[in-house]
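> sharing a model prediction with you, sequence too.
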Amino acid sequence: MADVAEISSAATPDGVAAGSPAIHTVELSKRFGSTVALAGLSMTVPRGEVFGFLGPNGAGKTTSVKLLLGLISPTAGEGWLLGQRIGDLKTRRRIGYLPELFRYQSWLSAREVLALHCELAPLPRSSWNDEITTALDTVGLTDRASDRVGTFSKGMQQRLGLGVALLGKPELVFLDEPTSALDPVGRHDVREITRRLRERGTTVFLNSHLLSEVEMVCDRVAVVDHGRVIALGTIHDLLRGADIVRVRMTGLNGRLGQLEGFAAPSEDGEWLTFRNVKEDQVPDLVAEIVRLGGRVYAVESQQQSLEDRFLQLLEDEETK
Amino acid sequence: MTRAIWPIARMTLVEASRRRMLMALAAMTFLVIAGVGYGFSKLPEIGGSRPLNHDDLNQISSILTILTFFMFSFVLAFAAVFVAAPAISSDVESGVILAMVPRPIRRSDIVIGRWLGLSMVVVIYTVTATLIELEVVNLVIGYLPPHPFEAISFLVAEGVVAVTLGLLFSTRVAPMTGGIVATILLLAAWFAGIVGNIGFSFGNDTVAAFGTISRLVVPTDGMWRGALFYLQTPQLLAVQAIAGRRAAANPFYAGSAPPLPYLLWTAGWIVGLLALTILSFRRKEL
């Protein structure tokens, strides 16, 4: 797993070179009065990646997105999007954004909202029709194109928001809780859209509470808590070394603390649960139990789900 | 003009239209104009068995037209504040702004676009309503004020000043709070203007200064007095002039048009307040 210090030391990108990362931040911080919303965010998101940004409520996820998009200004630190400093207007032409809590003008139709954003983007007028038709089709709102947004359900507004974020084929798309109001079909659609964006080479910054979805679509994830990145890497990286081994055994009553090289397990009758045991350590664990006089009847190796790992990371952070 | 100003101004007009604000204003205004027209049509009979001569009719029509314009000026100023005060703050509260600001547009484009759109609403409403009003009076009784276009221009300026004031609060406080604060400022400025005039009529410079300062801080009353001056007939001005300084105590009398420096000050006030609004919105955390 790549650690935060390693990420922090990444070279500062310069210019608009295509090789510059999609997102790069160095100690980006934000305070609201005495409240620390973000305490030094340092990370790099390469281009073409679907990057998951995870964290409990109030961890600083939305604050991070707002800082990156210039909706709020940082108290300290720096950031770059697509090789340009945060706030650069020209760069914003290449960025799409679906906010978490938003509305569109209720008196406009879905098509008019999309046309307004084509104009603000700004996209060539000749491309508007195709862009709007494609966006409506992608998010499944073609039949409601002429209806006023004020008549839309929350889920339909979220679909429209996704359509707006995709206008102009942006190179970097921020999706802040994109499925929070969607039904299972809508969530499936968003996953498919995200995968298609990755195939197209678009970088997706996915801010979500829904760990199962993040697990399904993200190449890498960062876990934030109390305004700080506490883990960052691929899903595989995060889950590796976080495996659980369950052993059914007898004969070591009161001597579990003597197992060398292994943390004390949790007990559930004859079953012992060892955390953070890598697959190649299992024979050593069994040998150690036998050396101390234990009798082993069964060994089960399990991989943690992202949710288990996420909760464990937060728990570890709390006990630090 | 950058590319984002016009779309935002246009959206403001569409909003005013689709939210039926323009329709509501038009319906209420036409109702009032119909009532005023009926009232004017009854003026010749006001003398009973002694019909009024042409000069008397003109005199009364002039006063009534001033009162009607005064009503328009109030409706306009309050309506302008009520639409401008929530113009940006309600977009911030609802989240509409979150989807717009990350676009490659300057925040100043949003402020200027909103101001332009709202000012266009003010111009459309004021010019249409007052021209119809004057035409109805003209048709019914054959009276037109001496300088209608100048008077309408000052009324438009009053509305634009109110819009500019409301928009400033829109970048800092909640919609309702902005509306209340701006309304209080407008009323205070109007009241201070009257008090200042009374001070002037009695030669009290300290009290007179109240009026001067209030017209500098919030030029709505100054603009109304410009409209008032151009609505007065020469006869009305001559009658009031007999009273000398004391005539200034009459809130429906203006002895002179606002001087050019004051008009320049008002123009500068609008530009300055707009710049302050842009600065305020630029610093706003969304």
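Received, thanks.

> which element is the one residue in the stretch 151-300 of chain A that gets nearest to chain B on?
Using Cβ to the nearest Cβ, the single residue of the stretch 151-300 of chain A nearest to chain B is A:V164, 6.3 Å away. Bear in mind the C-beta positions are built from the backbone N, C-alpha and C, glycine included. For A:V164, the element it lies in under DSSP states H and E is helix A:154-166.

> and B:A34, by the same measure?
Using DSSP H and E, B:A34 maps to helix B:21-41.

> contact partners of that helix?
With contact meaning Cβ atoms under 8 Å, 6 or more residues apart in numbering or on different chains, helix B:21-41 is reached by B:15-17, B:61, B:64, B:68, B:71, B:75, B:79, B:83, B:121, B:124-125, B:128-129, B:132-133, B:136-137, B:139-141, B:143.

> show me the shaky parts of the stretch 1-150 of chain A.
A:1-18 (pLDDT under 70).

> try 50 this time
For the stretch 1-150 of chain A, applying pLDDT under 50 flags the ranges A:1-17.

> for the stretch 101-250 of chain B, same thing?
Answering for the stretch 101-250 of chain B: no residues sit below the bar, that is pLDDT under 50.

> on that earlier part again, and the residue nearest to the residue of the stretch 151-300 of chain A closest to chain B when sequence neighbours are not counted, how far is that from B:I184?
Counting by Cβ to Cβ, 6 or more residues apart in numbering or on different chains, A:V164 lies nearest to A:H117, which is 5.0 Å off, once chain neighbours are set aside. Applying Cβ to Cβ, to the nearest Å, the value for A:H117 to B:I184 is 38 Å.

> can you get me a residue count around B:T233?
19 (other Cβ atoms under 10 Å in any protein chain shown).

> list the contacts for it?
The contact partners of B:T233, by Cβ under 8 Å, 6+ apart, come to B:N58, B:Q59, B:S62, B:P145, B:P146.

> go again with 7 Å.
Shown in contact with B:T233 (Cβ atoms under 7 Å, 6 or more residues apart in numbering or on different chains): B:N58, B:S62, B:P146.

> check B:S119 too.
B:V160, B:V163.

> does it belong to a helix or a strand, and which?
helix B:107-141.

> next, the buried residues of the next helix or strand along the chain from that helix.
Next helix or strand after helix B:107-141 toward the C-terminus (DSSP H and E): helix B:148-170. Neighbour counts over helix B:148-170 (16 or more other Cβ atoms under 10 Å in any protein chain shown) mark B:148, B:150-170 as buried.

> and helix B:148-170, how far from the chain's centre?
In terms of Cα atoms, centre = their mean, to the nearest Å, the centre of helix B:148-170 is found 5 Å from the chain centre.

> and for stretch B:7-15?
21 Å.

> and stretch A:165-173, by the same measure?
18 Å.

> show the average pLDDT along it.
Averaging pLDDT along stretch A:165-173 yields 93.

> what does stretch B:8-15 give?
92.

> near chain A, anything from it?
Yes - for stretch B:8-15 and chain A, the contact criterion (Cβ under 7 Å from any Cβ of the partner chain) is met by B:M11, B:V14, B:E15.

> B:T277 belongs to a helix?
Yes - per DSSP: H, G, I helix; E, B strand; the rest coil, B:T277 lies within a helix segment.
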